[in-house]
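Student: quick check, what structure comes out for this input:
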Amino acid sequence: MSTKKLTLLAMFATISLAIYAAESAIPPLVPLPGVKLGLANVVTLILLRHFSLRDAAIVLSARIGLSALLFGQALSLLYSLAGGVLSLLVMALVMKLLCKRMVFLTGAMGGLAHNMAQLITALAVTSTPGVLAYLPFLTLSGVLTGAFTGFCAQAAGRYLMPHLPPKT
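Tutor: Modelled structure (predicted):
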């Protein structure tokens, strides 16, 4: 990997971590655990659309690791990894199927996958089937917040990409 590309990915990781930190400081929008906008995912969507799955995975891994180290606990790392990895894989597949169009739909599917992975992780960790009561709320919130981040990523990507150096 060239120094230019490494620097660019480090910049995206920093932006993603800053967005995550800012969003963590905002009180929850609804009184349900696990429901938040997920604005740091805007960076992941931009990378999937304009760079590669590998680049997006590198930045996502850096953000998850650093956010768990700086803001979370060991258990939050487990939930973030489960949600982040499944979301990334689903978004990469949807992005490929849709030929990198309709980023809002890619974001919606990623948000849904993220919440489902976290719900399955919660079920595995707690062995409490009662966590499945959150399924309808997490399904709806995942689709809505994911679509919103998709719209944000499409708008931000349109502005950012002409100002970035060409791929290396």
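
Student: surely residue 72 and residue 78 touch.
Tutor: No: using Cβ atoms under 8 Å as the test, residue 72 is too far from residue 78 to be in contact (9.8 Å). Where you see a C-beta, it was placed from the backbone N, CA and C, and this is true even at glycine.

Student: packing partners of the helix or strand hosting residue 70?
Tutor: Taking DSSP states H and E as the criterion, residue 70 maps to helix 53-71. On a contact count with 3 or more Cβ pairs under 8 Å, 6 or more residues apart in numbering; DSSP states H and E, helix 53-71 meets helix 3-25, helix 41-50, helix 74-97.

Student: in this protein, where is pLDDT below threshold?
Tutor: Along the chain, segments meeting pLDDT under 70 span 165-168.

Student: center of it - which residue?
Tutor: In the chain, the centroid-proximal residue (Cα atoms, centre = their mean) is residue 41; its distance is 3.2 Å.

Student: what's near enough to touch it?
Tutor: Contact analysis of residue 41 by Cβ atoms under 8 Å, 6 or more residues apart in numbering lists 87, 107, 110-111, 114, 146, 149, 153.

Student: residue 47 now?
Tutor: Contacts of residue 47 by Cβ under 8 Å, 6+ apart are 12, 55-56, 59.

Student: now these in TSV, with neighbour count and distance to residue 162?
Tutor: Output for the contacts of residue 47, formatted as TSV (neighbours: other Cβ atoms under 10 Å; distance: Cβ to Cβ, whole Å):
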residue	neighbour count	distance to residue 162
12	24	16
55	19	18
56	24	20
59	26	20
